[in-house]
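Asks: need a 3D model of the sequence below.
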Amino acid sequence: MGIATIGVEVHPLDFFTNCGKIRFYCWDTAGQEKFGGLRDGYYIHGQCAIIMFDVTARLTYKNVPTWHRDLCRVCENIPIVLCGNKVDVKNRQVKAKQVTFHRKKNLQYYEISAKSNYNFEKPFLYLARKLAGDQNLHFVESPALAPPEVQIDLAAQQQHEAELAAAASQPLPDDDDDAFE
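Replies: Model prediction:
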């Protein structure tokens, strides 16, 4: 089980690219809606963002539009990536076909597992390319990752990827994102 964040934690995260080293200062503001806090204050001067939700908890996906709205209000025109985390967990509550917010807002979406490092680098590579204005930028060596805490099941991973591909081809629903009430 992961440890919930209270307040804000800042984690510098370095990646080495064909254009040199890039450092992301990751401000983990998770849980701010529960604990009050100065969420908007954390966003000031932000150059990019990752909005993360837990695929095993519907409420976290329901909060995505609020997080996106707040980010866009404080940080205009920054690249934003949406990530569904915990895809290694079996009891998924937010199915791939239900994840449509990123398509409505033209956001890049990745399914990741922080525990297994599955797709860990993808949101950072996307953001690095956007910030550098260079689609040919690539990572030349992996960051020093902690060893995976769990191994993701290859068959489950392939099933998730197939579900994502099928979901991406579906028409968007006319209703907004209140499907999880």
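Asks: starting at the chain centroid, how far to the helix or strand where residue 103 lies?
Replies: According to DSSP states H and E, residue 103 maps onto helix 101-104. Centroid displacement of helix 101-104 relative to its chain, using Cα atoms, centre = their mean, to the nearest Å, is 13 Å.
Asks: what do you get for stretch 156-170?
Replies: Remark: stretch 156-170 is offset 17 Å from the chain centroid, using Cα atoms, centre = their mean.
Asks: the helix or strand containing residue 12 pairs with which strands, and in what direction?
Replies: Using DSSP H and E, residue 12 sits within strand 9-17. Strand pairing for strand 9-17, using DSSP bridges, gives strand 20-28 (antiparallel), strand 139-141 (antiparallel).
Asks: can I get those in TSV with distance to residue 122 and mean neighbour count?
Replies: For the C-beta atoms, the positions are set from N, CA and C on the backbone; glycine is no exception. Shown next, in TSV, are the strands paired with strand 9-17 (distance: least, Cβ to Cβ, whole Å; neighbours: other Cβ atoms under 10 Å):
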stretch	distance to residue 122	mean neighbour count
strand 20-28	13	13
strand 139-141	10	12
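Asks: make TSV out of the ones you listed and add mean pLDDT.
Replies: Formatted as TSV, the strands paired with strand 9-17 follow (pLDDT from 0 to 100):
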stretch	mean pLDDT
strand 20-28	89
strand 139-141	84
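Asks: of all those, which one comes closest to residue 48?
Replies: Among these, the nearest to residue 48 by Cβ to Cβ is strand 20-28 (7.9 Å).
Asks: need phi/psi at the residue nearest to residue 130 when sequence neighbours are not counted.
Replies: Among residues not flanking residue 130 along the chain, residue 79 sits closest, at 3.9 Å (Cβ to Cβ, 6 or more residues apart in numbering). For residue 79, the backbone dihedrals are phi -70, psi 130 (criterion: degrees, to the nearest 10).
Asks: list the contacts of residue 79.
Replies: If you count contacts by Cβ atoms under 8 Å, 6 or more residues apart in numbering, residue 79 has them with 48, 49, 108, 126, 127, 130, 131.
Asks: identify the bridge partners of the third one.
Replies: Per DSSP bridges, residues listed as beta-bridge partners of residue 108: residue 81.
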